[in-house]
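[1] Sequence first, then the predicted structure, then my questions.
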Amino acid sequence: MSVELLRRRVRRPKPAADAPDRGILSVADRRRRGVRITTRASHTVLLVSLIVVGLGPILWLAKSAVTPTQDTLRQPLALWPNGIDLENLVTAWTRVEIDRYFANTVLLALGVWAVQVLVATTAGYALSVLRPKYGKAIVGLVLATLFVPSIVLLVPLYLTIVDPPLVGQSLINSFWAVWLPAGANAFNVLLVMRFFDGLPREVFEAARMDGAGPYRLFWSIVVPMSRPVIGVVSVFAIIGAWKDFLWPMLVLKDPAVQPLSVRLPQLQQFIELDVFLAALAISTVIPVVLFLVFQRLFLNGAGLGGAVKG
Amino acid sequence: MTRRRGPRAWFRGDGPHTLVFLLPLLLCFGLFSWRPILDSAVMAFQQTNLVTVPTWVGWDNFERVLADPLLGTAVLNTLWFAALAIVLGYPVPLVVAVLMSEVRRGKGLFSALAYLPVVVPPVVAALLWKFFYDASPTGVFNTIIGWVGIPPQPWLQDQATAMPSLVLFATWSAAGGTVIIYLAALIAVPPELYDAAEVDGAGVWRKVWHVTMPQLRGVLLITFILQIIGTAQVFLEPFLFTAGGPANSTTTILLLIYKYAFQNSLGGDYGAATALSLMLAVVLAVFSAVYFRITRSWSDS
């Protein structure tokens, strides 16, 4: 949110009298008939295509989740030719045990969220606020991991999970196998560091003068001030965990601990189409609702991601 | 805050506390990022089967991978995917973002709609699209194209149309993210530049071409290379939609790596898998280095 404010401030330093907020088109352009008609037409076409392409498949899924199989197969685009079948959702939730995989997904996402927020905030604090001498070297090593394609990690990371150091037993089929590696996210650390670099140092100095130690400074000053960036990290952590597929598939082999993303492709073979589509719909609800509620965070955060990558 | 003093001052100051705060990072990155990266460089030259002690085999793994007749197919398929993804997926978000940036009212609605496919879990979306791609005349896409008189297409079931179908899906699921990045860059274009262009008599198209595009050049160059790096590692689409078929026409490099390591009935060939992923990483690194070298002079506007 503060990013948004910042951006607005940068964008219009002094609102000019005639054009307070302009893009490519000027006020004069907008007054011209040809330009006005073309703009309006292109925006209408854009809106209609965005609705069809962006919302269409989701609406279709919502519709088909409560449609009997035969109707979906014969007339996939008809609206309930033979009535609504709410039973699908119930069957998916109970008999197909989507509830269990749903709970697994939630647990995985929460754990990933906790680990990522912990690593990113503590590391950001140590590197940007406490600033030890060796900090630059660590930042360099963290930065370097961004340049290594994740595929290079796949096999050695898998073998690390099979035979982890310090733990002594395999982490296969344990949620820790997903939670812990998620913490090694360089993007989060850099994002939080950049945010902490922008906080006023006078506040820290003042707190120090008043006798706050490093832990107190972290917990009572820095964490409350960094809510916006923790929000961005949180949203991306949860959505990322919800989307993750290849890694959980490799390390969670027991169906009882698998999340939706891993289980759904296998379920397809055993269950009827209408129930399967209902299961797909259930799996989509949480991410879409999260997105609608935290829209700003997403859309600004994605822009922020672009800015960091740039 | 720490100045160069003795170890005792370090100990009495923030020194140990800083380490406490760094511990989560050091553990996570150490065990799950730095060490595996170093491991991969070693494992590519070893034979590892998780049972016996790894043995050093020199370049054997690389030779075995390079001799695999599927490798050529996988490389060509990955290049084909990347090329299609650029042709189809690169211009779309740019055009959408430029049009969207001129929307006066309801811009939030536009960007929310564009971003919506990105938040749908990819597995769910892929399984849904797999159903849309049903090759029968009553398949969802075949019904839709039937309305405008196009005959039913085989989509995923034909070697010629399988890959474009995967790219179409990949574009749908990723374009929204790029649109949002471009929108942020478009907002950052200084309005004075447009004012100045108008003083010089530029019309709408000339403003787009001579002001907007040069201002976006930096972002466009980055999204291009990120897209290449991303498409070189495409896995989910061919894995879920076609499992590499029909007749290996969608087997990509990552699918091959996965096959070596995890779909081998004789036990995982981890050496071959790391050797191939290392080669892919080196090729990508060289490509990015050359790319940034060549484009360095273009990006300052």
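    Arrived safely. Numbering: from 1, shown residues only, chains lettered A, B, ... in the order given.

[2] pLDDT weak spots in the chain?
    Here I'm looking at chain A. A:1-21, A:301-310 (pLDDT under 70).

[3] not quite, I wanted chain B
    B:1-5, B:11, B:299-301.

[4] mind redoing it with 80?
    Residues of chain B that meet the criterion pLDDT under 80 lie in B:1-15, B:49-53, B:264-267, B:297-301.

[5] So which residue is smack in the middle of it?
    B:Gly230 (1.8 Å; Cα atoms, centre = their mean).

[6] Next one: it relative to B:Ser136, how far apart?
    The gap separating B:Gly230 from B:Ser136 is 33 Å, by Cβ to Cβ, to the nearest Å. Yep, even glycine has a C-beta here, placed from its N, CA and C like the rest.

[7] do the same with A:Pro255
    31 Å.

[8] Of those two, which one has the most company?
    For the pair A:Pro255 and B:Ser136, the greater number of neighbours falls to A:Pro255 (14 against 9), based on other Cβ atoms under 10 Å in any protein chain shown.

[9] List the residues that contact that one.
    A:Arg263, A:Gln266 (Cβ atoms under 8 Å, 6 or more residues apart in numbering or on different chains).

[10] 10 Å - rerun?
    If you count contacts by Cβ atoms under 10 Å, 6 or more residues apart in numbering or on different chains, A:Pro255 has them with A:Glu97, A:Arg100, A:Tyr101, A:Asn104, A:Val262, A:Arg263, A:Gln266, A:Leu267.

[11] Now intersect those with the strands, please.
    In this view, the contacts of A:Pro255 have no member that belongs to strands under DSSP state E.

[12] did I read that right, B:Ile145 in a helix?
    Yes: according to DSSP: H, G, I helix; E, B strand; the rest coil, B:Ile145 belongs to a helix.

[13] residue contacts, it?
    B:Gly139, B:Pro151, B:Pro152, B:Gln153.

[14] If you rank the residues you listed by neighbours, which is first?
    Busiest of these [other Cβ under 10 Å] is B:Gly139, holding 21 neighbours.

[15] these two touch, right, it and B:Phe131?
    Yes: with contact defined as Cβ atoms under 10 Å, B:Gly139 reaches B:Phe131; the gap is 8.0 Å.

[16] Show me whatever sits in contact with both of the two.
    Joint contacts of B:Gly139 and B:Phe131 (Cβ under 10 Å, 6+ apart) are A:Leu73, A:Pro76.

[17] just to revisit the earlier point, buried ones among the contacts of A:Pro255?
    The neighbour count (16 or more other Cβ atoms under 10 Å in any protein chain shown) marks A:Glu97, A:Arg100, A:Tyr101, A:Asn104, A:Val262, A:Arg263, A:Leu267 as buried among the contacts of A:Pro255.

[18] Can you give me the neighbour number for residue 87?
    Picked chain A for this. 13.

[19] try again with chain B
    Neighbours around B:Val87, by other Cβ under 10 Å: 12.

[20] What strand or helix carries it?
    helix B:69-89 (DSSP states H and E).

[21] and that helix, what does it pack onto?
    With contacts taken as 3 or more Cβ pairs under 10 Å, 6 or more residues apart in numbering or on different chains; DSSP states H and E, helix B:69-89 sits against helix B:60-67, helix B:159-187, helix B:213-232, helix B:253-262, helix B:270-299.

[22] Would you mark the buried spots in the longest one?
    Looking back up the chat, that one is helix B:270-299. B:270-281, B:284, B:295.

[23] One more: the first one?
    By neighbour count on 16+ other Cβ under 10 Å, the buried set for helix B:60-67 is B:Asn61, B:Phe62, B:Arg64, B:Val65.

[24] Now the two most distant members of the residues you listed.
    B:Phe62 and B:Arg64 (7.3 Å; Cβ to Cβ).

[25] Overlap of the contact sets of those two?
    B:Gly271, B:Ala272, B:Ala275, B:Leu276.

[26] Sort out which one of those residues lies nearest A:Asn188 for me.
    When the shared contacts of B:Phe62 and B:Arg64 are compared against A:Asn188 (criterion: Cβ to Cβ), the nearest one is B:Leu276, at 29.0 Å.

[27] Tell me if I'm right that A:Pro164 and A:Leu180 touch.
    Yes: counting by Cβ under 10 Å, A:Leu180 is a contact partner of A:Pro164 at 8.8 Å.

[28] Now do the shared contacts for these two.
    Here A:Pro164 and A:Leu180 have A:Leu171, A:Ser174, B:Leu31, B:Phe32 as joint contacts, going by Cβ under 10 Å, 6+ apart.

[29] quick one: secondary structure of the second one?
    In terms of secondary structure, A:Ser174 is coil; the call rests on three-state DSSP.

[30] how much space between it and A:Leu252?
    8 Å.

[31] what does the last one give?
    Applying Cβ to Cβ, one obtains 16 Å for the distance of B:Phe32 from A:Leu252.
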